[in-house]
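> Compute the structure for the input listed below.
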Amino acid sequence: MVSSVAGMSLPKFETQGSLFESLGSLAANLFSDQDRYKLFATKIWPLLARSREELAGCYVLDNGRPSVEPVVLLGVLIFQFLERVPDRQAAELVKYHLGWKLALNLDLNFKGIHHTTLSYFRERLLEKGKADLAMRIITEGLQAAGLLKKRSKQRLDSTHIIGAVARLSALECVRETLALALEELQPRLKSEQLPDFWAVVWERYVESKLDYKSSEETLRAKQRLAGEDCFRLLQWLEPLPVELREGKQLALLREVFAQQYVVKAGKVEPVKVHATGVVQNPHDPEAEWSAKGRGKHKKEWVGYKLQVAETVPQKEGQIGFITSVVTQRASESDDPGLELTLKKQEQLGLGRPREMYADGAYISAEAITEAKREGWNLVGPAQPSPGATKQPELYRIEAFDVDITQRKAVCPQGRISTECSKLTEKQTGKVTYRFEFGRQCRSCPLKQSCVSKGQPHRMIRVGALHEVLQQRRREQKTEEFKLRMHQRNGIEGTISELVRGHGMRRSRYRGFAKVDLQNQLIAAACNIKRWLEKLIKGALESLKFGSQPRFISFADLLTSLNLSLTPHRSVTAKYLFPY
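Numbers count the residues shown, from 1 in each chain. The predicted structure follows:
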């Protein structure tokens, strides 16, 4: 596929085609000035056209058969997530939908594209490291229009992305991985090179399916047998030439075997506890299992994680814009997600925000201190310190008033301890301080609520930046802080909009890189939709308060009702930015 993708040349590119004149000759009022497709053509298409030189780097300039115009293909990818359509349907709409033709500057007699062209184009973007091209173009356009400013107030939250694969059990994962490895290896070997056990394992894992109704004992035996077959195949491969024993699926088989089994004295046994980040499905090895929440609110998924940041509207009724989306592995926490978000915004030319509103998952003493050092504020509630496992009702560390500078701590009863020890870990160099209350606890009336059973007195251990957390925990109890945090709430609605309106919850593609490309396109599409909504709202308000009455034609009425004149039955009213 790589060779076929590489051998294509660029067609001649015209930023202004004859479509406007063609449509004008058919129906002058078919697209009003407030029509989304017309606004896309006048506001967004020129921005996409400026990326033509950058897109040219993905192609051979003067060799191979002519390709479809890459600027058009980039616009089609964006429209796929504006109107939530797959590749085949997008190829239909490019051919039959007048609105798409107008927006993408296509001639009326444009015969469309083959749906596989979109897949090849996505591969080109990934190969050249241009997954965020669309998001970058729209961000620059919003900045030029004065709608997205540097160092603006922002809010941040994360959500989960379900991978385009099924969640498999450990046995299913091993069997499927082994089947893929056998299918990869089989064309490379001649019949006389096959090992004596080949027919058995081929029938067992490629031609046969697992019986899910088997007893638990039978499934455990099958899991052990699969491990033995993996081990036998991998040992047989060791003396073979590199071109035979190395391959994508064979490398994955070695990884899965190491994750699922241990070999002791030549005997293969399944592991009892799996590490974080093990392969869940060989068809997308980068999709990880993760979970969040507890009880009935607990969510489990196999896939990825996404950080979403957007501007905070200064006034009610104003529209905010997404500043960045960052794809993470599902098992990664929000703490590094904050730093990745800031780096992404630096790449997009937005710099650090003036204020960033986030929930407790992003808040730590280090993060607050680093933000202040860089000249911006990280606003969010600090999480409570962990309580005692056996006695969770005991006073936590935040009940103590700690002054590290003075090496002093005051307990909830008001008793002071100056017995402070500075501790430094040899391996990491991390510094902590330990305060001990000795005689102060002997006659204390709160001893049962403070000191663990079996302990003579209370001891607390805090980090070097504990005073930063202590100040934030006090601050977050005030009404002023709670009122400020209302500015964060809108990010929940944005995530809902991305999920329901643009399909962000489920990935269409497999692999981290392709999922990240999807997320970047969705963010760009959402910003475009919001931008056009703002333009439409402004235009309608000017008409509302204008002195001249406006005649509304039948074509304008169709447009206002989100209807489109089209000769193809599968193109309906839902394809006008439905969210």
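
> quick one: average pLDDT of stretch 374-391?
The average of the pLDDT scores along stretch 374-391 is 88.

> how far does that stretch sit from the chain's center?
A distance of 25 Å separates the C-alpha centroid of stretch 374-391 from that of its chain, computed with CA atoms, centre = their mean, to the nearest Å.

> now do the same end-to-end measure for that stretch.
For stretch 374-391, the first-to-last residue distance is 40 Å (CA to CA, to the nearest Å).

> Just the buried residues of that stretch, please?
Buried residues in stretch 374-391, defined by neighbour count with 16 or more other CB atoms under 10 Å: Trp376, Leu378, Val379, Gly380, Pro381, Ala382. Glycine gets a C-beta too; all of them are placed from N, C-alpha and C.

> Tell me which residues touch the third one, please.
It refers to Val379. Val379 sits next to Glu355, Met356, Tyr357, Ala358, Arg484, Met485, Arg488 when contact means CB atoms under 8 Å, 6 or more residues apart in numbering.

> likewise the last one?
If a contact means CB under 8 Å, 6+ apart, then Ala382 has Gly360, Ile363, Ser364, Leu469, Arg472, Arg473, Gln476 as its contacts.

> Columns pLDDT, secondary structure and neighbour count on top of those residues, output as a markdown table?
Converted to a markdown table, the contacts of Ala382 look like this (pLDDT from 0 to 100; DSSP: H, G, I helix; E, B strand; the rest coil; neighbours: other CB atoms under 10 Å):
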| residue | pLDDT | secondary structure | neighbour count |
| --- | --- | --- | --- |
| Gly360 | 92 | helix | 14 |
| Ile363 | 94 | coil | 23 |
| Ser364 | 93 | coil | 20 |
| Leu469 | 93 | helix | 24 |
| Arg472 | 95 | helix | 20 |
| Arg473 | 94 | helix | 17 |
| Gln476 | 94 | coil | 17 |
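
> Break down the stretch 201-350 of the chain into its helices, ranges please.
Using DSSP state H, counting those that start in this stretch, the helices found in the stretch 201-350 of the chain span residues 216-237, 242-245, 248-260, 334-347.

> Mind telling me which of these the model trusts least?
Among these, helix 242-245 carries the lowest mean pLDDT (a mean of 86).

> Please enumerate residues in contact with that helix?
Leu185, Arg188, Leu189, Leu237, Glu238.

> cool, and stretch 461-468?
The contact list for stretch 461-468, computed with CB under 8 Å, 6+ apart, reads 365-366, 368-369, 397, 402-405, 423, 430-435, 469.

> do stretch 129-146 as well
The contact list for stretch 129-146, computed with CB under 8 Å, 6+ apart, reads 43-44, 47-48, 50-51, 54-55, 58, 74, 77-78, 125, 148-150, 321, 323-325, 344, 347-350, 513, 516-517, 520-521, 523-524, 527-528, 531.

> Show me the buried residues of stretch 374-391 that map onto strands.
Members of the buried residues of stretch 374-391 lying in strands (criterion: DSSP state E): Leu378, Val379.

> ok so, going back, make a markdown table from the helices of the stretch 201-350 of the chain and add distance to His114 to it.
Putting the helices of the stretch 201-350 of the chain into a markdown table (distance: least, CB to CB, whole Å) gives the following:
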| stretch | distance to His114 |
| --- | --- |
| helix 216-237 | 39 |
| helix 242-245 | 34 |
| helix 248-260 | 27 |
| helix 334-347 | 33 |
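
> and the ones you listed as JSON lines, adding mean neighbour count and distance to Glu288?
JSON lines is the format used below for the helices of the stretch 201-350 of the chain (neighbours: other CB atoms under 10 Å; distance: least, CB to CB, whole Å):
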{"stretch": "helix 216-237", "mean neighbour count": "16", "distance to Glu288": "21"}
{"stretch": "helix 242-245", "mean neighbour count": "11", "distance to Glu288": "27"}
{"stretch": "helix 248-260", "mean neighbour count": "17", "distance to Glu288": "12"}
{"stretch": "helix 334-347", "mean neighbour count": "17", "distance to Glu288": "15"}
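
> Please name whichever of these is nearest to Glu176.
Closest of these to Glu176 is helix 248-260, at 9.3 Å (criterion: CB to CB).

> residue at max distance from the center of the chain?
Ser443 (55.0 Å; CA atoms, centre = their mean).

> Can you say which helix or strand has it in it?
For Ser443, there is no enclosing helix or strand under DSSP states H and E.

> Please narrow the contacts of stretch 129-146 to those residing in helices.
Of the contacts of stretch 129-146, the ones assigned to helices by DSSP state H are 47-48, 50, 54-55, 74, 77-78, 125, 344, 347, 513, 516-517, 520-521, 523-524, 527-528, 531.

> Please pick the buried ones from the residues you listed.
Here, 16+ other CB under 10 Å leaves 47-48, 55, 74, 77-78, 125, 344, 513, 516-517, 520-521, 523-524, 527-528, 531 buried among the ones in helices among the contacts of stretch 129-146.

> Asp132 - how many residues pack around it?
Other residues lying near Asp132 total 22 when counted by other CB atoms under 10 Å.

> And the pLDDT at it?
Asp132 is assigned a predicted lDDT (pLDDT) of 94.

> for Asp62, same thing?
65.

> Also Gly438?
The model reports Gly438 with a pLDDT of 89.

> same deal with Gly317?
As predicted, Gly317 sits at a pLDDT of 75.

> Would you format the buried residues of stretch 374-391 as CSV with distance to Leu535 included?
Output for the buried residues of stretch 374-391, formatted as CSV (distance: CB to CB, whole Å):
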residue, distance to Leu535
Trp376, 31
Leu378, 33
Val379, 31
Gly380, 33
Pro381, 37
Ala382, 41
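
> just the buried residues of stretch 374-391 now: which is nearest Ser290?
Nearest to Ser290 out of the buried residues of stretch 374-391 is Gly380 (CB to CB; 21.6 Å).

> So the closest one is in contact with Ile363, correct?
Yes. Gly380 lies in contact with Ile363 (CB atoms under 8 Å); the separation is 4.5 Å.

> So what's the residue count around Leu423?
Leu423 has 10 neighbouring residues, counting by other CB under 10 Å.

> Spit out the contact partners of the nearest residue to it once chain neighbours are set aside.
Residue nearest to Leu423 in three dimensions, not counting chain neighbours: Thr432, with 4.9 Å by CB to CB, 6 or more residues apart in numbering. The contact partners of Thr432, by CB under 8 Å, 6+ apart, come to Lys422, Leu423, Glu425, Arg461, Val462, Gly463, Ala464.
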